[in-house]
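1. 3D, please:
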Amino acid sequence: MSRAPIRKVVFPVGGLGTRFLPATKSMPKEMLPVVDKPLIHYAFEEARAAGIEQFIFVTGRNKHGIEDHFDHVYELQSHLSTKNKRRELELTSDWLPSPGNVSFTRQQEPLGLGHAVWCARHLIGDEPFAVILADDMVQSKTPCLKQMVNAYHEVGGNIVAVMDIPRSETKSYGIVDIDKSARTRDKRLVKAKGLVEKPAPDEAPSTLSIIGRYILQPEIFDILGRQERGAIGEIQLTDAISTMIGKQNVYGYRFEGTRYDCGGLVGFVAANVAWALGRKDIHDKMLDELKRIPALDTRMSGMYKKPGQRYSAGME
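-> Numbering: from 1, shown residues only. Predicted coordinates:
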């Protein structure tokens, strides 16, 4: 069955990044580098690999660095060209999206993820779209959003990326209430009969948590437009998706790959290590450096494998 294509993506990038102070005092947290690219660049690459054509950034104050990153820097490019530094020149501009395919809009108040997505409503229009949270990085052979787009073409509806977490952590996530009577051809898909935002561990309907990847139908904007507050007094995207259940299908997709929560210090540092070890050009040198760290038990070195092999941490 033919589905409307997913052509647009929303990047909510208005957060303050207070967990990374003082680094984020004067730079957007989405511009923090993982090896040699900022977080938002990886999110952009993942979206483009999934066939996305139009990129919408919902920003806030002091986010000019993101806008500059997705623009030409003529002084730098001229300097590199004069010095005949072709590789560096390619790294500054060859990946840039076509003119007119990048849009920026402001979330003037920090009212939650649902509110940030709602701020993009006029740029999305009446078509399905994706949402990527740059804080969540997924290391996988097939980019996470690409996996979800493939599943979307099979089942349609709304799809959220999900992974199993310890029950003690449910209070930090949106949790899927699984419809166990439903059957899907793709075993990575589960049908949701409800979604609960940040439930207490003893109240959580499952341990299947939502991470920062979504494919949504445009009807979500009607619900978000009600501006109803949920957990912690914010307009929650999870609550709006839950309201759609019964009117439209909502699925959880157990993606292939390892997720790193780069919204926190530990996940961010771990992502840097994982992506560095995944680079053939620096894998061996990186591993040597890790072995030299006094606090790191060298017996752990077996978990760091060659590029292309699976890592022992996270969901596989």
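2. ranges for the helices of the stretch 151-300 of the chain?
-> Residue ranges of the helices in the stretch 151-300 of the chain, as given by DSSP state H, counting those that start in this stretch, are 220-224, 237-244, 265-277, 283-291.
3. can you redo those helices as JSON lines with distance to Lys180?
-> Any C-beta I mention is one placed from the backbone N, CA and C, and that applies to glycine too. Shown next, in JSON lines, are these (distance: least, Cβ to Cβ, whole Å):
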{"stretch": "helix 220-224", "distance to Lys180": "25"}
{"stretch": "helix 237-244", "distance to Lys180": "17"}
{"stretch": "helix 265-277", "distance to Lys180": "31"}
{"stretch": "helix 283-291", "distance to Lys180": "42"}
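4. what's the domain layout of this protein?
-> 8-277, 278-316 (automatic domain parsing).
5. mind checking the pLDDT average for the longest one?
-> If you average the pLDDT over domain 8-277, you get 92.
6. tell me what Ile245 is bridged to.
-> Note on Ile245: beta-bridge partners by DSSP bridges are Gln248.
7. I'd guess Ala130 is in a strand, am I close?
-> Yes - assessed by DSSP: H, G, I helix; E, B strand; the rest coil, Ala130 belongs to a strand.
8. for burial, what's the neighbour tally of it?
-> Applying the criterion other Cβ atoms under 10 Å, we find 24 residues in the vicinity of Ala130.
9. out of the domains of the chain, which one sits most buried?
-> Highest mean neighbour count of the domains of the chain: domain 8-277, a mean of 18 (counted as mean count of other Cβ atoms under 10 Å).
10. what is the end-to-end distance of that domain?
-> Distance across domain 8-277, first residue to last, is 32 Å (Cα to Cα, to the nearest Å).
11. quick one: that domain to chain centroid distance?
-> Put simply, domain 8-277 sits 3 Å off its chain's centre (Cα atoms, centre = their mean, to the nearest Å).
12. same thing with stretch 278-297?
-> Relative to the mean C-alpha coordinate of its chain, stretch 278-297 is positioned 27 Å out (Cα atoms, centre = their mean).
13. what comes into contact with stretch 32-50?
-> For stretch 32-50, contacts defined as Cβ atoms under 8 Å, 6 or more residues apart in numbering pick out 6, 9, 11, 13, 17, 20, 23-24, 28-31, 55, 66, 69-70, 95, 97, 130, 132-135, 137-138, 143-146, 148-149, 262, 268, 271-272, 275-276, 279.
14. and stretch 275-284, how far apart are its ends?
-> 13 Å.
15. ok, the closest residue to Val13 other than its chain neighbours to Gly65 distance?
-> Closest residue to Val13 apart from its sequence neighbours, by Cβ to Cβ, 6 or more residues apart in numbering: Glu30 at 4.9 Å. For Glu30, the distance to Gly65 (Cβ to Cβ, to the nearest Å) stands at 8 Å.
16. quick one: contacts for Ala192?
-> Taking Cβ under 8 Å, 6+ apart as the criterion, Ala192 is in contact with Val160, Val176, Asp177, Ile178, Asp179, Ile245, Val250, Tyr251, Gly252.
17. change it to 7 Å
-> Val176, Asp177, Ile178, Asp179, Ile245, Val250, Tyr251, Gly252 (Cβ atoms under 7 Å, 6 or more residues apart in numbering).
18. the helices of the stretch 151-300 of the chain: which one's closest to Ser168?
-> Ranking those by distance to Ser168, with Cβ to Cβ as the measure, places helix 265-277 first at 16.1 Å.
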